[in-house]
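Engineer: Starting from these lines, generate the structure:
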Amino acid sequence: MVSQRAFRARTVASVLILVTAALTAVAAVRYVRSGGPSRLSGSPETLVASLRAAPRSFNRYVARDLSTTVLTYLLHASLVRINHVTSELEPELAERWELLSDRRTYRLRLRTGLRFSDGAPFTADDVVFSFQAIYDRATDSVLADTLQVAGQPLAVTAEDPATVTIRFPAEFGPGLRMLDGVPIYPRHRLEAALKAGTLRSAWTLSAPPSDLAGLGPFMLRSYEPGQRLTLDRNPYFRGRDGEPAKIARVVLDVVADQDAELLALQSGAIDVTQSELRPFDVPTLTRAAGSGRVVVSDAGIGLDGDLLWFNLTPAKAHDPRGRWLQHRDFRRALAHAVDQTAFVDTVYLGEGVPADSIISPGNRAWHAVAPPPEYNIVSANRLLASLGLLDRRRDGTLEDDRGNAVTFTLLTQKGNTSLERGAAAIRDSLARVGVHVDVVALEVGAVIEHIMRGDYDAAYFRLLATDTDPALNLDFWLSSGSAHMWNPGQNAPGTPWETEVDALMNQMSTTLDHDRRRQRFADVQRIMARELPVVCFAFPRLPIAVSARVVDATPAPFRPPVLWNPAVISLKSEVRSLK
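Structural biologist: Modelled structure (predicted):
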């Protein structure tokens, strides 16, 4: 027998599939009129991928958005990298390394004969320069606090042109995993800007492509603002196997509308998308897979959940709405008001799992059961009443003792269907307990600007973990971190529980004892479930689709799911056409 909830989910899915088909038809017209990249499709030398938004910068040191990260995978390389499929640490610019007897210092032997895309040789001096640039205060790099241990930077020195030593301030559990995703930049191109204190403004989107030089498989040829980036094969790149990139060109097409993105994938106008499929796109793409046009694979349960967090900065506490958000019992009441199972059905059409921690169960190494408050409308109402929030006007909306309506604005990303649907589900759930939520969907850049300025009440957004090991996301967990979203960059922890989290994260980071590390991080998850600065209601499953002409792609549960490993991708010259 099919449960009522399952029946509702299937009914919703059927309706959404029909709606999506209609929207996709509209998107088709828009896409053709906008001059999409269909002229490039089918070329055995050109991979076309979509981005949901233009990158915020060409400089990864100062921008952490997904589009800038995707571009970094293509243009640059790190000393080491984490294989997103196996989670193993692999050599990249370094060919081998050893941990010295002090258990803090690593000696890395660099690959020889490598050159930047402008032909200049790569040496240990570029490594030392890159860390100097990241740690320089004028750069104000978003990577700086992720490259610290116990609040101290790494000491990076060159022994000779092909040897680097990296000394950690203390024993560090993840070791060199910390260096994954840290691109090495060319000293000869950027040293003058670093000395002048202007590196932060180097490599902006207005920079000529010829100014950029990297060690990655591709080099930037052109950028059409807000529309398209074109990259050519880096003639000097050689992978660990000594081979160049297998394709000659990559085009990154900005397709903010997911319906247009679906159409482009179906029609062969793009080969790879920035993210996973929406649940109601799966039947359509599965049919396309049956016709030989695309390949659909399952990358497992997502590691990055869509997060609801609240602005807990001291400045916000003086706002009438901020007073409520600052109170743990108010946040607890909101969590009680959301039915997680219904949330999975509504937002992900059943293709997900309810969250029992802020950490995904897909992250088996670090997940501990620490669920948010269970769905309980009675408990939600009781907590709200205990705060003096009552429906005094009998209009369905609570008011405080000063007559202020209990309402707040929820920012989310426009065009991201799971975020838009999740924000709507949160709005509707909270309305049932008398809390009015205004959902404001903005372009991703505008959302980030509001968040960074602290100009918001709450946000429903997606943050990208750089690794499964939480010690490599200290910028999120530590109160001083720039990605400590509810109150970033604190000089000192603003609450006792943040002091406790800081201590636990420093303890789990600065030991090589894995069991101790797991215990400390389980405690952190329990504190987060108790204090609720951030709430995650569910984690989606990740179906990934690529064009059938894409060969040797290695989809993984991180974002981007395919372009994290671009050098190995090759293309067939022909696939079955869309009928």
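Engineer: Distance of the closest residue to Gln326 other than its chain neighbours relative to Gln490?
Structural biologist: For Gln326, ignoring the flanking residues on the chain, the nearest one in space by CB to CB, 6 or more residues apart in numbering is Ala317 at 5.1 Å. For every residue, glycine as well, the C-beta is placed using N, CA and C. Distance of Ala317 to Gln490, computed by CB to CB, to the nearest Å: 14 Å.
Engineer: Between those two, which has more neighbouring residues?
Structural biologist: Taking other CB atoms under 10 Å, Ala317 and Gln490 do not tie; Gln490 has more neighbours (17 against 13).
Engineer: isn't there a helix covering Ile544?
Structural biologist: No - per DSSP: H, G, I helix; E, B strand; the rest coil, Ile544 lies outside any helix segment and is strand.
Engineer: returning to that earlier point: and the residue nearest to Gln326, which of the three is it?
Structural biologist: Ala317 - assigned by three-state DSSP - is helix.
Engineer: Distance from the chain centre to stretch 276-296, please.
Structural biologist: 24 Å (CA atoms, centre = their mean, to the nearest Å).
Engineer: Repeat that for stretch 296-313.
Structural biologist: On the basis of CA atoms, centre = their mean, stretch 296-313 is displaced by 8 Å from the centre of the chain it belongs to.
Engineer: Now it - C-alpha only, PDB.
Structural biologist: Provided in PDB are the C-alpha atoms of stretch 296-313 (Å, rounded to 0.1, in the frame of the first residue of the first chain):
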ATOM      1  CA  VAL A 296      22.900  10.000 -15.800                       C
ATOM      2  CA  SER A 297      24.800   8.700 -12.800                       C
ATOM      3  CA  ASP A 298      24.200   8.800  -9.000                       C
ATOM      4  CA  ALA A 299      26.900  10.500  -7.000                       C
ATOM      5  CA  GLY A 300      25.300   9.600  -3.600                       C
ATOM      6  CA  ILE A 301      24.000  11.800  -0.900                       C
ATOM      7  CA  GLY A 302      25.100  15.400  -1.100                       C
ATOM      8  CA  LEU A 303      27.800  16.600   1.200                       C
ATOM      9  CA  ASP A 304      26.600  20.200   1.100                       C
ATOM     10  CA  GLY A 305      23.200  20.900   2.500                       C
ATOM     11  CA  ASP A 306      21.100  24.000   1.800                       C
ATOM     12  CA  LEU A 307      21.400  25.900   5.100                       C
ATOM     13  CA  LEU A 308      19.100  28.300   6.900                       C
ATOM     14  CA  TRP A 309      21.000  30.700   9.100                       C
ATOM     15  CA  PHE A 310      20.300  33.800  11.000                       C
ATOM     16  CA  ASN A 311      22.100  37.200  11.300                       C
ATOM     17  CA  LEU A 312      23.400  37.100  14.900                       C
ATOM     18  CA  THR A 313      25.700  40.000  14.600                       C
END
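Engineer: buried set for that stretch?
Structural biologist: 296, 299, 301-313 (16 or more other CB atoms under 10 Å).
Engineer: Out of these, the closest to Trp497 would be?
Structural biologist: The nearest member of the buried residues of stretch 296-313 to Trp497, counting by CB to CB, is Leu312 at 11.3 Å.
Engineer: From Phe310, how far off is the closest residue to that closest one other than its chain neighbours?
Structural biologist: Excluding its sequence neighbours, the residue lying closest to Leu312 (CB to CB, 6+ apart) is Trp486, at 4.3 Å. Distance, Trp486 to Phe310, by CB to CB: 6 Å.
Engineer: quick one, phi psi at Asp253?
Structural biologist: Torsion angles at Asp253 (phi, psi; degrees, to the nearest 10) stand at phi -100, psi 130.
Engineer: my guess is it meets Ala49, correct?
Structural biologist: Yes - with contact defined as CB atoms under 8 Å, Asp253 reaches Ala49; the gap is 7.2 Å.
Engineer: Quick check: neighbours shared by these two?
Structural biologist: Ile270 (CB atoms under 8 Å, 6 or more residues apart in numbering).
Engineer: Who has more neighbours out of those two?
Structural biologist: Ranked by neighbour count (other CB under 10 Å), Asp253 and Ala49 place Ala49 first, with 25 against 22.
Engineer: surely that one meets Val250?
Structural biologist: Yes - contact criterion CB under 8 Å: Ala49 and Val250 qualify, at 6.7 Å.
Engineer: Spit out the contact partners of the closest residue to Met505 other than its chain neighbours.
Structural biologist: Nearest residue to Met505 in three dimensions, chain neighbours excluded: Trp477, at 4.8 Å (CB to CB, 6+ apart). By CB under 8 Å, 6+ apart, the contact list for Trp477 reads 470, 484, 501, 505, 524.
Engineer: Sitting in helices, which of the residues you listed do you find?
Structural biologist: 501, 505, 524 (DSSP state H).
Engineer: Tell me the one of those nearest Leu93?
Structural biologist: Nearest to Leu93 among the ones in helices among the contacts of Trp477, with distances taken as CB to CB, is Met505, at 28.5 Å.
Engineer: where exactly do the helices run in the stretch 101-250 of the chain?
Structural biologist: Here the stretch 101-250 of the chain has its helices, by DSSP state H, counting those that start in this stretch, at 124-135, 187-196.
Engineer: which stretch among those comes nearest Gly181?
Structural biologist: Among the helices of the stretch 101-250 of the chain, helix 124-135 sits nearest to Gly181 (CB to CB), with 12.0 Å.
Engineer: List the buried residues of the closest one.
Structural biologist: So helix 124-135, judged by 16+ other CB under 10 Å, has buried residues 124-135.
Engineer: if we can go back for a sec, for the helices of the stretch 101-250 of the chain, please prepare JSON lines with the additional fields distance to Phe558 and mean pLDDT.
Structural biologist: Below are these laid out as JSON lines (distance: least, CB to CB, whole Å; pLDDT from 0 to 100):
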{"stretch": "helix 124-135", "distance to Phe558": "22", "mean pLDDT": "98"}
{"stretch": "helix 187-196", "distance to Phe558": "28", "mean pLDDT": "98"}
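Engineer: give me the low-pLDDT residue ranges for this protein?
Structural biologist: Applying pLDDT under 70 to the chain picks out residues 1-42, 466, 574-579.
Engineer: which element is the residue positioned nearest the centre of it on?
Structural biologist: Note on the chain: the residue nearest the mean C-alpha position is Leu464, at 2.2 Å, using CA atoms, centre = their mean. Using DSSP states H and E, Leu464 sits in no helix or strand.
Engineer: Could you verify my assumption that it touches Val70?
Structural biologist: No - with contacts counted by CB under 8 Å, Leu464 stays clear of Val70, the gap being 10.7 Å.
Engineer: Quickly list what's touching both of Trp486 and Phe310.
Structural biologist: Pro533.
Engineer: wouldn't Ala458 be in contact with Leu308 here?
Structural biologist: Yes - under the criterion of CB under 8 Å, Ala458 makes contact with Leu308 at 6.6 Å.
Engineer: For Ala553, list the residues it contacts.
Structural biologist: Per CB under 8 Å, 6+ apart, neighbours of Ala553: 272, 546, 562, 565, 569.
Engineer: who wins for neighbours among these?
Structural biologist: Val562 (27 neighbours).
Engineer: so which strand or helix has that residue?
Structural biologist: Counting by DSSP H and E, Val562 is part of no helix or strand.
Engineer: Nearest to Asn376 among the contacts of Ala553?
Structural biologist: The closest of these, once distances to Asn376 are taken by CB to CB, is Val562, at 41.0 Å.
Engineer: coming back round to it: give the residues shared as contacts by Ala458 and Leu308.
Structural biologist: Leu410.
Engineer: which two in the contacts of Ala553 are spaced the farthest apart?
Structural biologist: The distance between the two most remote of those (CB to CB) is 12.4 Å, for Val546 and Asn565.
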